[in-house]
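*Asks:* let me see the structure of the following:
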Amino acid sequence: MGFLLQTDMLNVHKKTDLKIYKQTKKYGRSSIWKKSYDGDYAVYRLLVVRCGTFVSAERFSYNHIYSNTTTTASTMAAPVIETCHVACSANRTPNVVSWSRGGTLAFGTCNSVALYDPQERRVVDLLNGHKGRVNTVKWVHREDCAVEHHLVSGASDNQIIVWEAQNGKFTQTVQCKGHTGPVCAVDAVYVDDTKILVASAASDSTVKLWLCSDTKEADCSHTLSFGSCFMMDVSLALLPGSRVPILACSGDDSRVHLYVQSSGQLQKAMSLQGHEDWVRGVTWASLGGELLLASCSQDCLIRVWRLCAKSGTDAHVEDDHTIIKMKEDIFEVKDGDVSSVFAVSLETVLAGHENWVYGVHWQPPVFKGGEMQQPLSLLSASMDKTMILWAPEEGSGVWVEQVRVGEVGGNTLGFYGCQMSPDGAMIVAHAFHGALHLWCKDQDEEGEWRPGVVISGHFSAVQDLSWDPEGEFILSVGSDQTTRLFTPWRKEGSKQATWHEISRPQIHGYDMQCLAMVGRFQFVSGADEKVLRVFQAPRNFVENFANISGDSREKLLASSDAANLPEGASTPALGLSNKAVFQGDLVQKTNKGEEEQFSSVSDQYQESYFHPLIMTEPPPEDHLLQNTLWPEVQKLYGHGFEIFCLASDVTRSVVASACKASKAEHAAILLWSTASWRQLQSLPCHTLTVTQMAFSPDARLLLAVSRDRTWSLWRRDLPTPESPEPQFSLHTHTGKDTAVHTRIIWSCDWSSDCKYFVTSSRDKKVIVWGPCRLDDSGDSAPPPEIKPSSSILDVGDSATAVAFCPVLCSDNSYLLAVGLESGRILLYRWSPGQDPAGGQDWSRCGETDLSQSHSLAVKRLRWRPRAGRACRENIKKDKQTEGERETEEESSWVQLASASADHSVKIFNINRQAL
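*Replies:* Just a heads-up that it's a prediction; the model follows:
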């Protein structure tokens with residue numbers, strides 16, 4: 001019999017929340033829900049509950065605790081800055097990824113904790129609070145398996161932070177300070193409704209227990225010292241039938257140590273022996289009246305231990321030697337006046353991995369039969385690049401391998417850890433290079449698992465980035481020695497587009513430093529080497545980009561000289577250059593009906609690892625590594641030291657480059673022709689490293705700033721029959737006596753009308769210079785004196801990046817973005833008509849909040865070349881009836897991309913109407 005309820009409403013972002021809500025409310029799986037849309041929210045209304053018991057009618061408005069939006073648009077003003085995309089990766093440490101019952105994946109990325117939604121395929125929040133690398137993250141699971149409200153993280157700053165969900169946002173509530181070394185593992189349980197017990201292990205060879213209460217205070221209740229041993233992991237649970245916590249610690253002594261709280265003191269219960277190498281991970285699972293403990297080790301084995309309560313008579317009965325059974329270790333726990341006895345025995349030993357096993361994770365409890373039940377399913381991750389799902393066979397109870405997934409080939413190391421989704425339909429691993437590897441259970445074919453779309457990003461500092469000329473994708477380079485390409489993608493049936501990495505054009509052997517676009521699908525990059533490298537997109541990328549972005553394939557190929565494009569690229573063994581792979585290279589040299597004949601050794605052992613793929617969705621990590629490289633078409637030699645910065649003009653005909661320099665002879669700017677890739681000119685002026693360069697939007701002026709605290713301005717000379725190629729001459733510059741900046745000038749940029757340029761420095765100053773006037777003949781109006789046009793803006797911190805917005809504000813003022821060494825990004829409006837005295841010409845109109853800001857220095861800021869949001873424009877290509885009003889509303893938005901030393905690339909949507 002069904003019961004018709006009044007509206008029970010649930011506002012969610014994804015189906016997982018609906019599933020969790022139905023489970024916790026015990027509506028049953030056969031309940032009928034009506035789905036509708038309200039903006040970005042999916043609204044579910046419960047109509048009928050098909051169950052045997054009556055459920056009272058209620059109205060429930062679910063506030064997604066992981067969302068950046070905490071109030072609806074009708075109750076708040078339009079935001080100035082919205083986070084559109086965060087590209088980041090997991091830190092290369094075990095225990096740094098944790099999956100919540102609500103479906104949110106938390107992982108440490110540099111000094112932050114990222115909250116990633118696998119259903120929405122985007123980072124929904126960033127938690128900034130640590131001053132060092134985040135090494136471990138763990139959700140505090142609730143006994144009723146409801147959505148978690150607390151998260152614990154530990155970092156290299158020797159601190160543990162407890163985060164709590166408040167008003168839809170996670171905020172830092174408790175700091176645990178006491179360790180003298182980096183924290184490498186944490187775990188936590190609720191000991192009652194208002195107190196959380198946190199266990200932490202650190203490199204100072206101690207394990208500490210912290211009691212965190214609702215008074216926002218943390219008390220270190222116990223400290224365990226292990227002398228010369230290090231504990232790799234910790235896990236907490238409550239003993240069956242009691243509220244007494246039990247702690248498991250695994251270390252480099254090849255043992256698992258168990259501690260229980262007895263008579264108010266933390267006492268050692270026993271040490272579990274059996275592993276023959278470092279024990280990397282431990283985790284508890286509650287199975288009715290018993291506990292299961294899984295431990296994994298560098299001996300390539302996994303051991304599962306069973307802990308159960310024993311009655312007083314069972315504990316003292318003599319063994320029957322005629323029966324073969326596993327040996328039990330017994331310990332006693334006193335909780336007040338009550339004494340309990342528990343036994344621990346070895347349940348099974350799992351052998352299947354061929355390298356160190358770094359992580360194990362039990363499948364979370366599921367709602368079944370009207371109650372929450374713990375499935376006997378264990379996931380493990382190893383350095384052999386595989387994850388294995390283990391479970392006991394029905395009938396025999398023998399633990400066997402159910403599923404094995406992983407990587408084959410590739411120049412990568414294995415997995416550091418693994419997690420399983422709340423419903424067991426998805427599993428994820430994180431690798432040495434920060435990549436997340438997601439597999440999803442195939443709904444059509446039982447037992448089949450397929451790679452899923454997941455976030456990716458740099459795993460070291462991002463040094464530079466650039467938009468393509470059309471503003472449809474971003475290229476970024478970083479100290480992780482990679483160049484990555486991000487573009488929006490809209491899944492079929494989805495209303496919202498999300499950004500993803502779809503290509504990794506360059507995987508280098510040196511740390512990448514800079515890049516410049518010289519065409520829609522061509523760029524120049526510089527690294528910590530003396531050589532500049534030029535890359536051209538292959539045919540396979542252009543075709544896949546058209547599939548993913550929705551652009552016309554024929555149009556893109558026509559603009560890319562498709563007839564001469566290679567199919568792809570591959571990197572030879574021990575090589576640094578991406579070698580082009582043409583169609584003829586993909587034809588296998590075999591004779592049908594005969595044994596394969598090879599004319600040479602090179603034919604037998606081919607170095608081409610490229611395989612052309614037709615992609616309709618962003619590729620997984622193994623495809624990014626091997627099948628998305630761009631061929632290198634040119635090398636440019638001329639610099640004497642490592643390349644530091646690059647710039648290209650709007651006509652894409654000239655590239656300027658500069659290298660590290662401590663003498664004037666090495667600080668010269670080199671100009672290159674993109675037509676012949678020949679060096680055009682050397683521009684000497686500065687005495688130390690040129691830190692950044694920028695061509696004016698009309699390509700007539702070149703601006704350079706330097707570590708010598710000065711800037712120089714170069715103008716393009718008129719072409720002559722003797723020198724038809726572009727030539728530049730010094731227009732004006734500042735010297736030591738005329739310099740305004742007193743520290744290194746980090747960044748510079750041009751206004752869209754070419755009248756002004758801006759510089760930012762370590763001295764915390766941002767200055768707009770101009771006006772810059774050139775007559776039609778190319779000669780400067782005498783005298784060529786350019787002075788500060790603005791008052792000196794003190795931003796309060798080292799200004800490491802600055803950028804002029806290409807679109808003016810509604811009052812014709814200029815919009816500038818300033819990136820700081822602290823990671824914040826400030827938005828200013830500058831009005832040239834205002835009196836500079838007293839700083840009246842500057843007005844701050846926006847600033848990134850704590851979750852939007854970077855945790856380390858902003859390295860580069862780049863505005864999208866035109867107004868509008870890339871993802872929204874892609875969606876509207878199929879919608880021609882939106883009307884002029886919506887088009888005008890979209891034009892009020894601009895997008896800003898930022899690169900930071902915190903390993904992330906961020907894209908912000910800026911609402912010019914709200915400034």
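
*Asks:* return the set of buried residues in the biggest strand by length in the chain.
*Replies:* Of all the segments of type strand in the chain, defined by DSSP state E, the longest one is strand 338-351. Buried residues in strand 338-351, counted by 16 or more other CB atoms under 10 Å: 340-344, 347-348, 350. For every residue, glycine as well, the C-beta is placed using N, CA and C.

*Asks:* how about the helices in the chain?
*Replies:* All helices of the chain, identified by DSSP state H, fall at 15-25, 312-316, 539-549, 553-558, 601-604, 621-627, 870-875, 884-891.

*Asks:* need the least confident one among those, by mean pLDDT.
*Replies:* Looking over these, mean pLDDT reaches its minimum on helix 15-25, with a mean of 44.

*Asks:* what residue ranges in this protein score low on pLDDT?
*Replies:* Applying pLDDT under 70 to the chain picks out residues 1-78, 215, 312-326, 409-411, 559-563, 586-608, 776-784, 873-888.

*Asks:* domain map for it?
*Replies:* With domains defined by automatic domain parsing, the chain comprises 2-62, 378-455, 461-589+603-637.

*Asks:* can you list those domains in TSV and add mean neighbour count?
*Replies:* As requested, these are arranged in TSV below (neighbours: other CB atoms under 10 Å):
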stretch	mean neighbour count
domain 2-62	16
domain 378-455	18
domain 461-589+603-637	19
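
*Asks:* and those domains as a markdown table, adding distance to residue 857?
*Replies:* Supplementary listing: the domains of the chain in a markdown table, determined by distance: least, CB to CB, whole Å:
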| stretch | distance to residue 857 |
| --- | --- |
| domain 2-62 | 32 |
| domain 378-455 | 19 |
| domain 461-589+603-637 | 9 |
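
*Asks:* ok, which of those domains comes nearest residue 126?
*Replies:* Closest to residue 126 of the domains of the chain is domain 378-455 (CB to CB; 12.2 Å).

*Asks:* what's the end-to-end length of the closest one?
*Replies:* 24 Å (CA to CA, to the nearest Å).

*Asks:* ditto for stretch 91-105
*Replies:* With CA to CA as the measure, the ends of stretch 91-105 fall 14 Å from one another.

*Asks:* contacts for stretch 486-493 next, please.
*Replies:* 85, 87, 121, 453, 472-474, 476, 496-502, 545, 548-550, 617-618, 870-871, 874-875, 905 (CB atoms under 8 Å, 6 or more residues apart in numbering).

*Asks:* of all the domains of the chain, which lies closest to residue 231?
*Replies:* domain 378-455 (16.3 Å).

*Asks:* return the distance of that closest one from the chain's centre.
*Replies:* For domain 378-455, the distance from its own C-alpha centre to the chain's C-alpha centre is 20 Å (CA atoms, centre = their mean, to the nearest Å).

*Asks:* got it, and stretch 725-737?
*Replies:* With CA atoms, centre = their mean as the basis, the mean position of stretch 725-737 lies at 41 Å from the chain mean.

*Asks:* now that stretch: buried residues?
*Replies:* The neighbour-count check on stretch 725-737 (16+ other CB under 10 Å) flags 726-728, 731-734 as buried.

*Asks:* start and end of it, how far apart?
*Replies:* Stretch 725-737: ends 35 Å apart by CA to CA.

*Asks:* can you check stretch 432-448 too?
*Replies:* Distances were taken as CA to CA; on that basis the terminal residues of stretch 432-448 are 26 Å apart.

*Asks:* and the longest strand of the chain, which strands flank it?
*Replies:* The strands beside strand 338-351 in its sheet (DSSP bridges) come out as strand 301-310 (antiparallel), strand 328-335 (antiparallel).
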